[in-house]
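# The following block contains a protein sequence and its predicted model.
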Amino acid sequence: MKRLGIIGADGRMGRAVEALAEGRYAVAARITLANPDYETLADCDAVIDFSAGPALIQSLPHLRGGVPLVSGTTGLSDAEEAAITVASQHVPILKSGNFSLGIAVLSQLAQQTARILGAGWDVEILEMHHRHKVDAPSGTALMLGEAVAKGRAVSLSDKAVHERGGQREEGEIGYAVLRGGGVYGMHEVRIVSESEMITLGHQALNRDVFADGALAAADWLGGKTPGLYSMRDLIEI
């Protein structure tokens, strides 16, 4: 049985990954705040990360021999993103803000719809998560914004609006963030004209959808050449 390392093994997603890995992988390394034994990752056949930026970056030097890394950590700084890009020159890394197959399809639909309709339609991205989620907007919401921006051939950083204080300007990509209860994840892309609205949406019904997707990504990433991959590569969109 292949050996799996989990970074953030004591978190909600880490525990879900470990539970679903039974029978598929033997968990050989459990990296937590109380047990930051990064050296054990070198003995793994694959590593799945649901942690925080500092833990993820500390793990990178220990991915020896091309050990593939699947990372769902969000809220990374520019420097942390750059470190991952550098590491991907030596090991295969699949990074995603969401490991749901449905979200991967939603992202593609958002990109295509934005490309077809153009900047004359307003785009608002709405997301809701459980009360414990730290980063806002979520990594998934940012990924959807990037898809819209790509469809319009613009930069998300130039068009994103995270706080609404006045009338909307043409071409903006707006964000609305909700937090409450135990919501696993709800995302909507609303594309609106003066006379109609298109709503593209997805709701996760349990946490297993993300854990199973991360394990599927680990299966797929094994044997790949070094590089930075996404869920779109996995499902060949």
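Arrived safely. Numbers count the residues shown, from 1 in each chain.

# ok, the residue located most distally from the centre of the chain - contacts?
Most distant residue from the mean C-alpha position of the chain: residue 195, 33.3 Å away (Cα atoms, centre = their mean). Residues in contact with residue 195 (Cβ atoms under 8 Å, 6 or more residues apart in numbering): none are found. Just so you know, the C-beta spots here come from the backbone N, C-alpha and C atoms, and that holds for glycine as well.

# And for residue 131?
So residue 131 contacts 179, 180, 181, 182 (Cβ under 8 Å, 6+ apart).

# neighbour-wise, which of the residues you listed leads?
In terms of neighbours by other Cβ atoms under 10 Å, the contacts of residue 131 top out with residue 179 at 15 neighbours.

# I'd guessed it sits against residue 137; true?
No: contact between residue 179 and residue 137 fails when scored by Cβ atoms under 8 Å: they sit 10.9 Å apart.

# okay, now residue 56: neighbour count?
Close neighbours of residue 56, defined as other Cβ under 10 Å, add up to 24.

# mind putting the contacts of residue 131 in a markdown table, pLDDT, secondary structure and distance to residue 131 included?
Output for those, formatted as a markdown table (pLDDT from 0 to 100; DSSP: H, G, I helix; E, B strand; the rest coil; distance: Cβ to Cβ, whole Å):
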| residue | pLDDT | secondary structure | distance to residue 131 |
| --- | --- | --- | --- |
| 179 | 97 | strand | 5 |
| 180 | 97 | coil | 6 |
| 181 | 96 | coil | 6 |
| 182 | 92 | coil | 8 |
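
# Cool, thanks, talk later.
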